[in-house]
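> show me the folded form of this:
(chains A and B)
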Number of protein chains: 2
Amino acid sequence: MKISCTKDLLNHAIQTVQKAIATKTPMPILTGIYLSAKGTTLELQATNYEIGISCTIDAIVDEPGDIVLSGRYFQEIIRKLPGENIEIASSLEDRTIKITSNQAQFNLLSLPAEEFPVLNKPTSDTILIVKDNILRELIKKTVFSCATDESKPIFTGGLLEVDQHNIIMAATNTHRIAIKKDHIGHNINTVKMIIPSKILNELTRIMISDIPMDVTIYYQKNQVSFAFDNVYLLSRLIEGNFPDYNKVIPPNFATAITIKTHDFMDAVERVSLLARDTDYNIIKLAFKNDCVIITSNNPDIGKAYETVPIAIKGNEIEIAFNAKYVTDILKNITSEYLIFSLNTPLSPASIRPTDDETYNYIITPVRIN
Amino acid sequence: MKISCTKDLLNHAIQTVQKAIATKTPMPILTGIYLSAKGTTLELQATNYEIGISCTIDAIVDEPGDIVLSGRYFQEIIRKLPGENIEIASSLEDRTIKITSNQAQFNLLSLPAEEFPVLNKPTSDTILIVKDNILRELIKKTVFSCATDESKPIFTGGLLEVDQHNIIMAATNTHRIAIKKDHIGHNINTVKMIIPSKILNELTRIMISDIPMDVTIYYQKNQVSFAFDNVYLLSRLIEGNFPDYNKVIPPNFATAITIKTHDFMDAVERVSLLARDTDYNIIKLAFKNDCVIITSNNPDIGKAYETVPIAIKGNEIEIAFNAKYVTDILKNITSEYLIFSLNTPLSPASIRPTDDETYNYIITPVRIN
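As a prediction, the model looks like this:
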């Protein structure tokens, strides 16, 4: 192989695939980045069998070929090279790869390219073409609700559901669930799949176009692929049945509160400073006629007390929550006001923006004395 | 105690003393911040017996008094309070302290103020008054050379030496030494003391005036104090004899190289990417007639090779160093060119800026085959 390309493009490609490089693995080849040169392009790939990412960039290819280089060193070296252009050439004599840029030259030992599990570009079974900004929004508004506890695998992923008219994402750790929908016009394929939260987060990191671009979603048995721009990303899916999110949304509420998002958020964050180190991270909310009183009590440290004005329809109510589950959703509500809907101190409540019917968050209260 | 003050001032005072708050200690009182209100001021103190810091700010004192609050919680709460003004009041009934700002109210349990080892403001034994920018420069140019290994305590500190005309700081880990001097006019007190590197770093963090201000240095038995602005900082000293730094500076050199600081630095950093994970982090420098060839070799990864133009007076020479000891000094040289002076591949070399006779760095080479 012998190619040259710009440092900026190569850097971008490395950044794109780098999260798929295996770190702890009994298979050294997975710690590498696979480079394949042909025609006028250089393709980079990395995979750890949970996620695989490919990124293709323009290059001048003098000799086509495939090589694999240590992901960690390749990444650091390319980032620090002095010139705008980089040449990469394999040597026939030994297994080293020569990387040059201006006065700098690195001769890196290569890994055996024939051992790399090359990712195949998805070709069939298209489910849907969706704009990246829509997909990013679906993920960002829900993925934080996933469980981090690996003991219940299906809750460590987000449900992506596509029906004839909607694309829906839902995520839960069983104590709270976030649901976000978008309309997609007419679609003939319907599917449900649970995508690991790590992969969802990675998608939002690399789908960063300035103007909306198409993302093609492919679905094959136990894996899903997302293709956009010069990138494709493959992920394994989590097996199992995701609970029916429609059943956890209470059909009606006895109390509806309107409150300024930002003021409520700041007050909850302050009060939770003292709750954080207690066993259940509990804050109490007493919704009164014209304000909510937010309190916490840490026997070792002290008490916190705040009030925020509200508008209330329905009954006054006192209720307690895990403070983290409240702040998590508040960070994701961008409207000036939010609606907090409640029934009893022991039944699930809903928190949602005033301006978006397609976004909902159901939270289970904590029983207190 | 009952006081009010601005949030900005209180935040600044907490930030100033916070590094002296003990974290792991069998004495809970040392995890607190001591607040003492009298006259028109509020003084904050923290100490862990290695370092003690006091900061005094303006406050409206309705009732003077002394309290101690959990350092960690007090810090977080004050930073997040909503208003510009903060009121702090102790309650006579219980041991709680009420902190209020706008709609937010915290009732914190206090620690017993009578147990706090109050720092006494230094009053006598002034050694020197020096501008903070001079002291900061002395520390920054040398402190990185201190040993991190606690087995040789005297090398974990920097030597501060004051004689009749100069203030000098020197730091070494026995493999390299950095020395920086400044002129101070006529001074009648002379002293040598070894100050822990942690305290030196802390001093540079809190001495951040825009215009140069006076720092008064006091010396009492095993401790030193620095007083400036509304702050004073006490530190224990490290006991022992610091080696005579004049003896480690070679009187003359067989070879003197002039090289562009920035180009040399970048090349050394790149080449050291491959050296970093080897046992001794070795880079080789081959100084030729018109360039230096910088190389490293990591048997598991590969080789790096760079050249940088030089001007040479004297003999060509090949020599090897721990890459970190070279990059450490390059980061601290601000002149466009530097002078690298050498004798033999096994004798100490000197690296210094072209524009500052008062700064020197002596580095011991590594023996290679």
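
> domains for chain A, by residue range?
Domain ranges of chain A: A:2-115, A:126-246, A:250-363, per automatic domain parsing.

> report the secondary structure state of A:Val215.
What DSSP: H, G, I helix; E, B strand; the rest coil gives for A:Val215 is strand.

> list the contacts of it.
Contact partners of A:Val215, counting by Cβ atoms under 8 Å, 6 or more residues apart in numbering or on different chains, are A:129-132, A:135, A:207, A:226-228. C-betas here are computed from N, CA, C, even on glycine.

> redo that, cut-off 10 Å
Contacts for A:Val215 (Cβ atoms under 10 Å, 6 or more residues apart in numbering or on different chains) come out as A:128-136, A:203, A:207, A:209, A:226-229, A:231-233.

> can you check A:Asp66 too?
A:1, A:34-38, A:43, A:45, A:90, A:110, A:113-114, A:116, A:118.

> among those, name the buried ones.
For those, a burial check counting by 16 or more other Cβ atoms under 10 Å in any protein chain shown picks out A:1, A:34-37, A:43, A:45, A:90, A:110, A:113, A:116.

> from the residues you listed, which single one is nearest chain B?
Chain B has its nearest neighbour among the buried ones among the contacts of A:Asp66 in A:Ser110, at 9.0 Å by Cβ to the nearest Cβ.

> now the closest one: phi and psi?
Backbone torsions of A:Ser110, given as degrees, to the nearest 10, read phi -100, psi 160.

> quick one on the thing from earlier: tabulate the domains of chain A (JSON lines), appending mean pLDDT.
Shown next, in JSON lines, are the domains of chain A (pLDDT from 0 to 100):
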{"stretch": "domain A:2-115", "mean pLDDT": "95"}
{"stretch": "domain A:126-246", "mean pLDDT": "93"}
{"stretch": "domain A:250-363", "mean pLDDT": "96"}
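
> on that earlier part again, near chain B, which of the contacts of A:Asp66 show up?
Taking Cβ under 10 Å from any Cβ of the partner chain as the test, chain B is in contact with A:Ser110 out of the contacts of A:Asp66.

> skipping its backbone neighbours, what lies nearest A:Asn133 in space?
A:Pro212 (4.7 Å; Cβ to Cβ, 6 or more residues apart in numbering or on different chains).

> picking that back up, which among the domains of chain A is found nearest to B:Thr123?
Of all the domains of chain A, domain A:250-363 sits nearest to B:Thr123, with 36.8 Å by Cβ to Cβ.

> may I see the domains of chain A organised as CSV, with distance to B:Tyr361 added?
Shown next, in CSV, are the domains of chain A (distance: least, Cβ to Cβ, whole Å):
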stretch, distance to B:Tyr361
domain A:2-115, 24
domain A:126-246, 42
domain A:250-363, 46
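
> which of the contacts of A:Asp66 sits closest to A:Val326?
Nearest to A:Val326 among the contacts of A:Asp66 is A:Gln45, at 41.7 Å by Cβ to Cβ.

> tell me what the helix or strand harbouring that closest one is packed against?
Here A:Gln45 is covered by strand A:41-47, with elements defined by DSSP states H and E. Applying 3 or more Cβ pairs under 10 Å, 6 or more residues apart in numbering or on different chains; DSSP states H and E, one finds that strand A:41-47 contacts strand A:2-6, helix A:7-17, strand A:32-38, strand A:51-58, strand A:60-63, strand A:65-70, helix A:71-80, strand A:231-236.

> on the pLDDT front, check A:Ser124 for me.
Looking at A:Ser124, its pLDDT reads 68.

> count of neighbours near the residue in the stretch 101-250 of chain A that chain B sits nearest to?
Taking Cβ to the nearest Cβ as the measure, the stretch 101-250 of chain A has A:Leu108 as its residue closest to chain B, at 3.8 Å. As a burial measure, A:Leu108 scores 23 neighbours (other Cβ atoms under 10 Å in any protein chain shown).

> that one in helix, strand or coil?
Classification of A:Leu108 using three-state DSSP returns strand.

> what's the burial count for the closest residue to it other than its chain neighbours?
Among residues not flanking A:Leu108 along the chain, B:Gly302 sits closest, at 3.8 Å (Cβ to Cβ, 6+ apart). Per other Cβ under 10 Å, the neighbour tally for B:Gly302 reads 23.

> also the one 4 residues further on?
Neighbour count of B:Glu306, defined by other Cβ under 10 Å: 25.

> which residues does it contact?
Applying Cβ under 10 Å, 6+ apart to B:Glu306 gives the contacts A:82, A:102-106, B:263-264, B:266-271, B:283, B:291-296.

> please pick the buried ones from the residues you listed.
Buried, going by 16+ other Cβ under 10 Å: A:103-106, B:263-264, B:266-271, B:283, B:291-296, out of these.

> just the ones in helices from the residues you listed, please.
Among the buried ones among the contacts of B:Glu306, the residues falling in helices (DSSP state H) are B:263-264, B:266-271.

> for these, work out which two are farthest apart.
Using Cβ to Cβ, these reach their maximum pairwise distance at B:Asp263 and B:Val271, which is 12.6 Å.
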